[in-house]
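Enquirer: please work out how this folds:
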Amino acid sequence: MSLRELGIRSIVLAAFALAAVSSIFMLQYAVVPAYANNSVAPNVILSLTVPASCEISLVQSISFGVVLAGSNTVTTSQNVLDLNNGNGGAFVAVSGGNWMGANALDTFGVSNTVWSSSNSVLFKSANALTLIPANTNIAVGAASGATIWFGLGIPPGQTADTYTQNILVTNLC
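Expert: The predicted structure follows:
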C-alpha cells in the first residue's frame, strides 16, 4: 500500500522529512427519501465520514555550526517550528538516522542528537533521538504551531568532517 493510499502526506525540506496522517470522526445526516402520494415518509439515517486532518510544514532547518569532537552544544539550542494547518490537533513524534560524514567512512550514532520541548535544557537531561519514532507529547493544535528543540554531542576522537543527519518529524493525528 502506498503512502498516498494510506492518506499520509510527506514534505522534505532541508535535512528533515516531515509527514502527516489523518484521524476520523463521524457525522450523521438525516435524509428524507422520495415517497408516493398519500404515504408517510420514513427517515433514513446515513453515516458520513469526514476526516479531520493535521498538516505539517517545517518553518526552518537547523545547523549546529562547528562543534568540536568530545564536546556538545551544552543545551538544546536549535529549534524547528512544526506548523499544523489542518483542522485537527496532533502530537509531534521524532526519529532520525545516524550522522554521515562527507567521507562515507565517517559516521556516528543517532543518539548523539537530543531533543526537548524546551530550549536551554541541559544536553545530558534532554531526550536522545532514536531510530524509532518517539512521541514527544508536544501538542500541536489545529491551525497552530509548536517548537521542538535539538542539541548535539560529538563523540571524543571523532574524525573532522562535515556531517549530516536526517530527522523525521511526524504529526500524530
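
Enquirer: quick one, what contacts the closest residue to residue 159 other than its chain neighbours?
Expert: The shortest distance from residue 159 to any non-neighbouring residue, by Cβ to Cβ, 6 or more residues apart in numbering, is to residue 106 (4.8 Å). Every C-beta, even on glycine, is put in place using the N, C-alpha and C of the backbone. Contacts of residue 106 were listed using Cβ atoms under 8 Å, 6 or more residues apart in numbering, and they are 100, 158, 159, 161, 163.

Enquirer: taking the mean pLDDT, what do you get for stretch 159-169?
Expert: For stretch 159-169, the mean per-residue pLDDT is 94.

Enquirer: for that stretch, the distance to its chain's centre please.
Expert: From the chain centre to the centre of stretch 159-169 is a distance of 18 Å (Cα atoms, centre = their mean, to the nearest Å).

Enquirer: quick check: phi and psi on the residue nearest to residue 159?
Expert: Main-chain dihedrals, residue 106, degrees, to the nearest 10: phi -90, psi 110.

Enquirer: before we move on, what about the one 5 residues further on?
Expert: Listed backbone geometry of residue 111 is phi -70, psi 0, with angles given as degrees, to the nearest 10.

Enquirer: count the neighbours of it for me.
Expert: By the criterion of other Cβ atoms under 10 Å, residue 111 has 14 neighbours.

Enquirer: surely it is in contact with residue 127?
Expert: No - look at residue 111 against residue 127 with Cβ atoms under 8 Å: they stay out of range, at 9.7 Å.

Enquirer: and the helix or strand where residue 51 lies, what does it pack onto?
Expert: Of the helices and strands defined by DSSP states H and E, residue 51 is found in strand 44-53. Contacts defined by 3 or more Cβ pairs under 8 Å, 6 or more residues apart in numbering; DSSP states H and E place strand 44-53 against strand 22-31.

Enquirer: quick one: residue 124 is in a strand?
Expert: No - when DSSP: H, G, I helix; E, B strand; the rest coil is applied, residue 124 is found to be helix, with no strand at that position.

Enquirer: could you check how far it is from residue 130?
Expert: Plainly put, residue 124 is 17 Å away from residue 130 if you go by Cβ to Cβ, to the nearest Å.

Enquirer: residue 60 in helix, strand or coil?
Expert: Classification of residue 60 using three-state DSSP returns coil.

Enquirer: what number of residues lie near it?
Expert: Neighbours of residue 60 using other Cβ under 10 Å come to 12.
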